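In: Could you look at this predicted model? Sequence included:
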Amino acid sequence: MVFGALSLMVIAALSFALWQRSKTQEFVLAAGSSTGESYILGNALKTVVQRHYPKIRIRLLETGGTVENLRMIEEGHAQLADAQADVLPGPRARLLAVLYDDRFQLLVSKASAIRNFADLRNKRIALSQEGGQFQSFLSLAKHFDLSQTDFHFVGATDKDADSAFTRGQADAVFRVRTLGDPSIQQLIESDQAVLLPIEQAAAMKIKNPAFESGLIPQGAYSGNPPIPDRDIPTVAVPRLLLAREDCNPAAMRAITEVLLERRQEIMNEVPRGMAAVRLLLAQARQPDQREGLSPAIHPGAASFYNKDKPSFLLQHADYVGLIVTLIVMAASWMWELKQWMQKQQKNTADHYSDRAIALMSVAKETNSMQALEDIWRRLLAILSEAVQDLDADTLSEESFNSFRSILQIAMDVTRDRRAMILASSQSVSGVIPFHMEH
């Protein structure tokens with residue numbers, strides 16, 4: 001009788017899971033401006049999620065930024081949103097991941113006498129009085145004992161504000177953007193603006209836990225001449241990916257998994273001309289809730305971060321149907337074996353990649369043609385080993401392709417180093433030193 005009751009429970013659970021799995025789930029992602037980094041990344045993420053999880057559909061919505069995004073989450077008009085970490089979300093928001101880090105960037109005219117943030121008192125600031133950027137600016141102002149009434153704000157949108165600054169109708173531009181942001185790049189290339197430091201980030205963190213000390217590195221916007229001409233201190237703020245608390249945990253786990261484990265695929269979906277946006281994916285990471293006052297992690301994302309095994313029902317219900325306990329156990333074992341094999345394959349690829357990187361590092365530094373020839377032979381030997389492992393199924397095709405990209409870079413570096421040494425030797429003496437081989 002107990003067995004019968006348990007069987008009915010298993011059947012009911014499997015039936016429910018089967019119904020849930022067959023149901024297409026749709027989510028709206030409030031993603032800011034369509035030209036912004038988070039919108040572009042969100043569009044690429046959407047494509048890869050739907051490729052691997054066809055029952056999850058994401059629709060992007062262009063918005064006015066963080067404040068509007070958070071409001072849409074609370075009102076239920078969106079289920080997903082990106083937001084600055086320094087803008088407090090409502091009670092319904094839950095955290096999936098950190099997307100990347102923004103920087104506070106303050107620009108003034110080259111002819112301006114403004115040297116620091118406190119000098120902005122009574123000045124015209126090219127900044128819309130809406131959205132997360134405006135709240136960030138007011139937080140900065142408060143730290144320097146300034147308030148909203150101490151400034152004159154110009155521009156209803158970022159585009160209007162930039163135009164006003166270009167026409168000389170504003171004294172400064174404030175943005176919360178990633179390094180290399182196209183709109184800031186354009187202002188700098190116009191040769192009208194310079195970046196100013198925003199100091200005391202560590203002190204600001206006392207009252208604004210989301211604030212971190214950051215830098216705008218020398219040469220971030222141009223290498224020759226370097227712009228800026230030195231490292232400039234500023235404030236860094238994480239850009240978060242949020243979800244409503246009532247979003248399906250399995251779907252949120254899937255989205256988090258794709259974001260953090262399929263970066264290369266997402267990167268390939270970003271337009272080729274947007275290299276800076278592609279590189280932002282390297283910053284995507286698990287939130288550290290010991291820092292800041294970010295919302296609680298969504299249960300679906302927490303399941304991924306804690307490496308909990310996906311529920312058997314959710315993992316297999318779409319094709320397994322009604323099964324007995326013995327088959328459940330066998331399927332679970334097969335899943336564990338598959339995971340173990342994939343991990344072993346990845347470890348094998350990582351081992352080959354590490355060897356190639358180590359040889360590449362040596363190649364960069366050596367001036368010996370003999371050493372470069374030896375490195376070249378060793379790289380070919382590594383490739384031969386990897387091909388053998390691929391044929392033996394101890395290395396997956398995906399892992400092999402990842403390793404091959406790194407190997408190609410190592411071989412290119414070795415080849416270029418050899419060509420440089422040959423050219424240098426020939427330009428100096430017209431002959432090749434006896435210790436350098438062709």
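Out: Yes, it's here.

In: tell me which residues of stretch 112-120 are tucked away?
Out: The neighbour-count check on stretch 112-120 (16 or more other C-beta atoms under 10 Å) flags 114, 117, 119-120 as buried. (Glycine included, C-beta is placed from N, CA and C.)

In: scratch that, stretch 202-218 is what I was asking about
Out: Those would be 204-205, 208, 210-212, 214-216, for stretch 202-218 by 16+ other C-beta under 10 Å.

In: Likewise for stretch 175-193?
Out: In stretch 175-193, counting by 16+ other C-beta under 10 Å, buried: 175-179, 181, 183-185, 187-188, 193.

In: Can you get me a residue count around residue 56?
Out: 20 (other C-beta atoms under 10 Å).

In: quick one: it from residue 335, how far?
Out: Applying C-beta to C-beta, to the nearest Å, the value for residue 56 to residue 335 is 20 Å.

In: next one: residue 212
Out: 39 Å.

In: Ok, residue 350 next?
Out: Separation of residue 350 from residue 335 (C-beta to C-beta): 22 Å.

In: Mind splitting this structure into its structural domains?
Out: Following automatic domain parsing, one finds the domains of the chain at 2-99+240-305, 102-238, 324-429.

In: Now for the nearest residue to residue 257 once chain neighbours are set aside: which residues touch it?
Out: The shortest distance from residue 257 to any non-neighbouring residue, by C-beta to C-beta, 6 or more residues apart in numbering, is to residue 304 (5.4 Å). For residue 304, the contact set (C-beta atoms under 8 Å, 6 or more residues apart in numbering) comprises 253, 256-257, 260.

In: Mind doing that once more with 7 Å?
Out: Counting by C-beta atoms under 7 Å, 6 or more residues apart in numbering, residue 304 makes contact with 253, 256-257.

In: now residue 239
Out: Here residue 239 is in contact with 38, 82, 84, 99-102 (criterion: C-beta under 7 Å, 6+ apart).

In: Packing partners of the strand or helix carrying residue 384?
Out: According to DSSP states H and E, residue 384 maps onto helix 369-391. Packing partners of helix 369-391 (3 or more C-beta pairs under 7 Å, 6 or more residues apart in numbering; DSSP states H and E): helix 325-365, helix 397-429.

In: Could you identify which of these has the lowest mean pLDDT?
Out: Averaging pLDDT over each of the helices and strands packed on helix 369-391 singles out helix 325-365 as the lowest, with a mean of 78.

In: where does that one sit relative to the chain's centre, distance-wise?
Out: Here helix 325-365 is found 23 Å from its chain centre; the criterion is C-alpha atoms, centre = their mean, to the nearest Å.

In: Could you write out the alpha-carbon coordinates of the lengthiest strand in the chain in CSV?
Out: Of all segments of type strand in the chain, defined using DSSP state E, the longest is strand 93-109. Extracted as CSV, the C-alpha positions of strand 93-109 are listed here (Å, rounded to 0.1, in the frame of the first residue of the first chain):
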residue,chain,number,x,y,z
ALA,A,93,13.7,41.8,-7.3
ARG,A,94,16.1,38.9,-7.0
LEU,A,95,19.7,38.6,-8.2
LEU,A,96,20.9,36.3,-11.0
ALA,A,97,24.4,37.5,-11.8
VAL,A,98,26.8,40.4,-12.1
LEU,A,99,27.1,41.3,-15.8
TYR,A,100,30.1,43.7,-15.7
ASP,A,101,31.4,46.8,-13.9
ASP,A,102,30.5,50.3,-14.9
ARG,A,103,32.7,53.3,-14.2
PHE,A,104,31.7,56.8,-13.1
GLN,A,105,33.1,59.0,-15.9
LEU,A,106,33.3,62.8,-15.6
LEU,A,107,34.3,64.9,-18.6
VAL,A,108,34.9,68.6,-18.8
SER,A,109,35.9,71.0,-21.5
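
In: what's the next secondary structure element after that strand?
Out: Following strand 93-109 in sequence order, the next helix or strand is strand 124-126 (DSSP H and E).

In: By mean pLDDT, which helix or strand of the chain comes out lowest?
Out: helix 312-320 (a mean of 50; mean pLDDT, DSSP states H and E).

In: give me every residue that touches the residue nearest to the spatial centre of the chain.
Out: The centroid of the chain falls nearest to residue 281 when counting by C-alpha atoms, centre = their mean (2.8 Å). Contacts for residue 281 (C-beta under 7 Å, 6+ apart) come out as 263, 266-267.

In: Pull out the buried residues from those.
Out: 266-267.

In: Make JSON lines from the contacts of residue 281 and add pLDDT and distance to residue 408 to it.
Out: Output for these, formatted as JSON lines (pLDDT from 0 to 100; distance: C-beta to C-beta, whole Å):
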{"residue": "263", "pLDDT": "95", "distance to residue 408": "19"}
{"residue": "266", "pLDDT": "97", "distance to residue 408": "21"}
{"residue": "267", "pLDDT": "95", "distance to residue 408": "17"}
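
In: Which of the contacts of residue 281 fall in helices?
Out: 263, 266-267 (DSSP state H).

In: Now that we have those residues, can you turn them into CSV and tack on distance to residue 425?
Out: Below are the ones in helices among the contacts of residue 281 laid out as CSV (distance: C-beta to C-beta, whole Å):
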residue, distance to residue 425
263, 42
266, 45
267, 39
